[in-house]
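Student: need a structure here:
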Amino acid sequence: MRAPFAKLLEDEEESEINMTPMLDVVFIMLIFFIVTASFVREAGIDVNRPEAATAVQKDRAGILIAINAKGEVWINKRRIDVRAVEANVARLHAENPQATVVVQADKKATTDVLIKVMDGARSAGVYDVSIAAKEM
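Tutor: Got it, this is the predicted structure:
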């Protein structure tokens with residue numbers, strides 16, 4: 001009668017769960033999600049954009065420029081002078097040649113500042129310049 005109980009005790013000692021394959025899968029999934037995550041770039045400020053009935057979503061907006069109601073220009077969460085738009089866009093365009101420029105102008109921003117920003121972007125060699133608007 002001793003033999004069946006001895007065998008039962010041996011089976012209990014050997015029945016450990018190997019966690020290594022599960023940890024490998026979890027780490028591979030973590031790496032996959034980190035690599036495939038899309039990181040959203042922001043211009044640095046919230047802008048009250050005007051509404052437009054024909055607004056369409058732009059998929060690859062690499063360079064975001066924001067103009068607030070006071071006429072201040074922001075790129076990558078930094079306030080810059082209007083005259084420095086060309087140099088900043090040229091630097092960002094050199095880092096990502098496929099990037100397009102999207103200008104997020106506030107409703108109360110003057111067209112003078114908007115035109116200067118667009119001219120600076122085009123002078124930097126980026127001819128695909130869009131103006132952001134909210135969909136109606």
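
Student: contacts for the longest helix that the chain contains?
Tutor: With secondary structure taken from DSSP state H, the chain has its longest helix at helix 20-36. The set of residues external to helix 20-36 that reach it, using C-beta atoms under 8 Å, 6 or more residues apart in numbering, is empty. Using the backbone N, CA and C atoms, a C-beta is placed for each residue, glycine as well.

Student: and if we set it to 10 Å?
Tutor: Outside helix 20-36, the residues that touch it by C-beta atoms under 10 Å, 6 or more residues apart in numbering are residue 19.

Student: neighbours of residue 56, how many?
Tutor: With neighbours defined by other C-beta atoms under 10 Å, the count for residue 56 comes to 9.

Student: show the pLDDT at it.
Tutor: Residue 56 is assigned a pLDDT of 71 by the prediction.

Student: I'd say it and residue 134 touch.
Tutor: No. Using C-beta atoms under 10 Å, residue 56 makes no contact with residue 134, being 11.9 Å away.

Student: how far away is residue 24 from residue 118?
Tutor: Taking C-beta to C-beta, to the nearest Å as the measure, residue 24 and residue 118 are separated by 51 Å.

Student: wait, what's in contact with residue 70?
Tutor: Here residue 70 is in contact with 106, 108, 109, 110, 113 (criterion: C-beta under 10 Å, 6+ apart).

Student: what's the separation between it and residue 110?
Tutor: Taking C-beta to C-beta, one finds residue 70 at 10 Å from residue 110.

Student: residues near residue 92, how many?
Tutor: Using other C-beta under 10 Å as the criterion, residue 92 is surrounded by 21 other residues.

Student: name the element it belongs to?
Tutor: Using DSSP states H and E, residue 92 sits in helix 85-95.

Student: helices and strands around that helix, which ones?
Tutor: Helix 85-95 sits against strand 61-67, strand 73-75, strand 78-80, strand 100-105, helix 111-123, with contacts defined as 3 or more C-beta pairs under 10 Å, 6 or more residues apart in numbering; DSSP states H and E.
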